[in-house]
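> Prediction below, plus the sequence it came from.
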Amino acid sequence: MQKFTGTGVALITPFKEDLSIDFNALEKLVNYNIDNGTNYLVINGTTAESATLTKAERQQIINAIVKTNQGKLPLVLGIGGNNTTAVVEDLQTTDLSKIDGILSVAPYYSKPTQEGFYQHFKAIAQATEKPIILYNVPGRTAKNMDANTTLRLARDFSNVVGVKEAGNNMQQYLELIRDKPKDFLVISGDDDLALSVTLAGGSGVISVIGQAFPKQFSTLINHGLEGNNKQGYAIHFKMMEIIDLIFAENNPAGVKFVLQQLNICRDTVRLPLVNASEDLQTKIAAFVKQF
């Protein structure tokens, strides 16, 4: 699973002013990441505002990224939800021939028990032969998937190859790293903890800010993989402010404004999200200018 080691980025979906998808900006964003050190791309994750995309739009995004990527980087596709049957159906009806792995978010809103998490992901693992990266993000789903549940899935299903852990809980990261099967990937879903997790034995990150500053963030993660803590933290300290800023209000409004400052795309988001406030925009613009 070396292809999912290093820096993955959870791509945003660029929108035009009329809220239609800006495919020219998406192509620009993908090429920007290919050219600046990103190791793999995550399509239609939660940062892509996938909850606001139609099924047709999600497929159009896949097609556009596959065409732009031309096989240069591994592709991970977000397929998840709180309706297990629907997730299984999506896995079985989506053309995954150009997709290297699946990122599947823990069921949101339903707040299942740990056994519920296990049975949900068991059904998903049995529905596809593709490698599956579990996605635990209790701040969005309202329920934490315990380390023991994640590791149980890792041991029981050979195609459950990793977890994107995004609970901002260093203790849970360390439990996963300590007790995981040898080749199981513990991937940081928290940009602020990504270096620390990687230095502790994690496999890197699926990042939000990484798509805006891929060269710097991938260098930071490479230092973590090589155990170069001083060099890694030198970059981390320079990026701490922008990581805090992009999550200050909502994701991906913050990172979209960063990308607008870099002339990659507009900062347009779809409701129920709204653009970053004027105050936040001022702070982000000042950071980008000096950085």
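On my side now, so go ahead. Numbers count the residues shown, from 1 in each chain.
> Could you list the residues in contact with stretch 241-255?
Surrounding stretch 241-255, the residues in contact under the criterion Cβ atoms under 8 Å, 6 or more residues apart in numbering are 12, 46-49, 191-192, 208-209, 211-213, 258, 267, 269, 273-277, 280, 283-284, 287-288, 291. Yep, even glycine has a C-beta here, placed from its N, CA and C like the rest.
> Can you check the distance spanned by that stretch, start to finish?
Start to finish, the residues bounding stretch 241-255 are 13 Å apart (Cα to Cα, to the nearest Å).
> what does stretch 63-74 give?
14 Å.
> How about residues contacting that stretch?
If you take Cβ under 8 Å, 6+ apart as the criterion, stretch 63-74 is touched by 3-4, 11, 23, 26-27, 30-31, 33-34, 38-41, 43, 75, 98, 100-101.
> Tell me which entries of the residues you listed lie within strands.
The strands in this structure, assigned by DSSP state E, contain 40-41, 43, 75, 101 from those.
> which of these lies closest to residue 202?
Of all the ones in strands among the contacts of stretch 63-74, residue 40 has the smallest distance to residue 202: 15.2 Å, by Cβ to Cβ.
> in the sheet, who's paired with the closest one?
For residue 40, the beta-bridge partners under DSSP bridges are residue 8.
> when you give positions from now on, start the count at 10
With 10 as the first residue, the last one maps to residue 49.
> residues touching it, list them.
When contacts are counted by Cβ under 8 Å, 6+ apart, residue 49 touches 12-13, 15-18, 82-85, 109.
> Tell me where the chain is predicted with low confidence.
Low-confidence regions of the chain, defined here as pLDDT under 70, cover residues 10.
> Now do the helices in it.
For the chain, the helices defined by DSSP state H occupy 32-43, 64-78, 93-102, 123-136, 147-150, 156-165, 179-188, 203-208, 223-234, 238-255, 262-270, 287-299.
> and residue 117, which of those is closest to it?
Across the helices of the chain, the minimum distance to residue 117, taken as Cβ to Cβ, is reached by helix 147-150, at 4.1 Å.
> So which bits of stretch 287-300 are buried?
Of the residues in stretch 287-300, those buried by neighbour count under the rule 16 or more other Cβ atoms under 10 Å are 289-290, 292-293, 296-297.
> same question, stretch 103-110
Buried residues in stretch 103-110, defined by neighbour count with 16+ other Cβ under 10 Å: 103, 105, 108-110.
> Can you report how many residues lie near the nearest residue to residue 46 once chain neighbours are set aside?
If the residues on either side of it in the chain are set aside, residue 46 comes closest to residue 227, at 3.6 Å by Cβ to Cβ, 6 or more residues apart in numbering. Using other Cβ atoms under 10 Å, residue 227 is surrounded by 23 other residues.
> One more: residue 121?
Applying other Cβ under 10 Å, I find that residue 121 has 17 neighbouring residues.
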